[in-house]
Structures are given as C-alpha cells and as structure tokens.
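K.L.:
Provided below for reference: sequence and predicted model.
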Amino acid sequence: MNDDPRLVDSVAELARRIVARPIPQRSSCRIVAVDGPGGAGKSTLAGRLAAALGGIPVVPTDDFATWDEPLGWWPDFVESVLGPLASGARVRYSSSAWPGRPPAVVEFGPCTLAIVEGVSSGRRDFAPFLSSLVWVEAPRPLRLARGLERDGADAAAQWQSWIAAEDEYFAVHEPDRHADFVVDGAADLPEEQVPD
C-alpha cells in the first residue's frame, strides 16, 4: 500500500487534494464519498475532514442503512441526498433508527461541498455525483473489534452478517480500486503532513 500514489499522509493533504478536483458536470456541489468496510475509521476521518474543510455537512449512510437492510437503501439516498446536493437544493430526510439512536429529521443546504460517508458511499451508481472517492482500509480483526466495542458483544452475529454483505458489495463495486485517495484507517492520520 505504501507505493500507492493515492495514499494520503494527512488530513490537510487530503483536504487540499479534494478541493483541487473538478466538480462533476451539471452539479453545483463537490461531493466527497468516504467508503470502506465497517470499523475502518470512515466516520472519524469524515468528521476530521469536514472540520478541515470549514465545517461542511457530513451525511452518514448509516442514516439510511439498518441491520436488516445494510445496502439496499441506495435509491432513497440518491433521491434524498445526492440529487438535491447536485441540483443546489436543500437536503431533507428522516434517518434510520439504531439502538440508542431514534430517527431524526436531517435538513441542510444548499452547499457547494459535502461529504457522504459509510459503507457503499462509493458504489458505482453514485459515481456521476461524486467529485472524489476516499477509500479507508484497516485489518479485519481491528475493524471487528472496533465495531463490537461500539455496538456491544451482543451484536457479534449482526456484525458477521454485515461483513458478509460488505464483502459482496466490495466484490461487485470495487470502491478500493476506483478510489481517488486511500487512507490507512489503522494509523493515526495527522492533521498536517510531517516534513521529511
């Protein structure tokens, strides 16, 4: 992975490279997808990147996914999030309920820069809307440990099912191969690149 020119060394470098990329044709918003397997560090990176880019909105795919429907929600995401962002309209949707987190109405925009983050945010169906795709990777044992720490040991069976669904998605859509930038989610990515 170290020889990959897409590998990013700091949050600041990633932010600079993202704003240097063109906005897709017929879009009024630069939409950045942060994809990768569950527990890789996508949400953490997206939050840090949003702050580095001036506090831009972040839409988690978890607002649409559920344990029972980890990936099939994507048409609603296009209609409720990607379409409005691209057309310069306000985004408004009701988030999914998760244990300990009731559904909520989310509304923001219009905006010229936004992040969508979560498993399958880099799916091929979303490509026409995206200006950048960031892939976050980390070893499977670390990802599972992070997931169970967050969701509790009782969620182990759900996590195994989720991982199987992810593996199918990655095999078909190959977001890791199509990513513009790659981040090591097992490392503590600095805010600024350290000089040589």
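P.N.:
Cool, got the structure. Numbers count the residues shown, from 1 in each chain.

K.L.:
Now find how far off-centre stretch 11-31 is within its chain.
P.N.:
15 Å (Cα atoms, centre = their mean, to the nearest Å).

K.L.:
model confidence over that stretch, on average?
P.N.:
Averaged over stretch 11-31, pLDDT sits at 93.

K.L.:
Same question for it: list its buried residues.
P.N.:
By 16 or more other Cβ atoms under 10 Å, the buried positions in stretch 11-31 come out as V11, A12, E13, L14, A15, I18, P24, S27, C29, R30, I31. For glycine as for every other residue, the C-beta is placed from the backbone atoms N, C-alpha and C.

K.L.:
who's the last one bridged to?
P.N.:
By that I understand I31. On the basis of DSSP bridges, I31 is bridged to A114, L130.

K.L.:
pretty sure it is touching G83, no?
P.N.:
No. The criterion here is Cβ atoms under 8 Å, and I31 misses it with G83 at 10.9 Å.

K.L.:
Could you name every residue contacting both of those two?
P.N.:
Taking Cβ atoms under 8 Å, 6 or more residues apart in numbering as the contact rule, I31 and G83 both touch F129.

K.L.:
Narrow the buried residues of stretch 11-31 to those in helices?
P.N.:
Those of the buried residues of stretch 11-31 mapping onto helices are V11, A12, E13, L14, A15, I18, per DSSP state H.

K.L.:
could you dump those to JSON lines with distance to P5?
P.N.:
Converted to JSON lines, these look like this (distance: Cβ to Cβ, whole Å):
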{"residue": "V11", "distance to P5": "18"}
{"residue": "A12", "distance to P5": "18"}
{"residue": "E13", "distance to P5": "12"}
{"residue": "L14", "distance to P5": "14"}
{"residue": "A15", "distance to P5": "18"}
{"residue": "I18", "distance to P5": "15"}
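
K.L.:
just to revisit the earlier point, I'd like the buried residues of stretch 11-31 as CSV, with distance to L130 appended.
P.N.:
Listed next are the buried residues of stretch 11-31 as CSV, based on distance: Cβ to Cβ, whole Å:
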residue, distance to L130
V11, 19
A12, 21
E13, 19
L14, 15
A15, 16
I18, 11
P24, 7
S27, 9
C29, 10
R30, 9
I31, 5
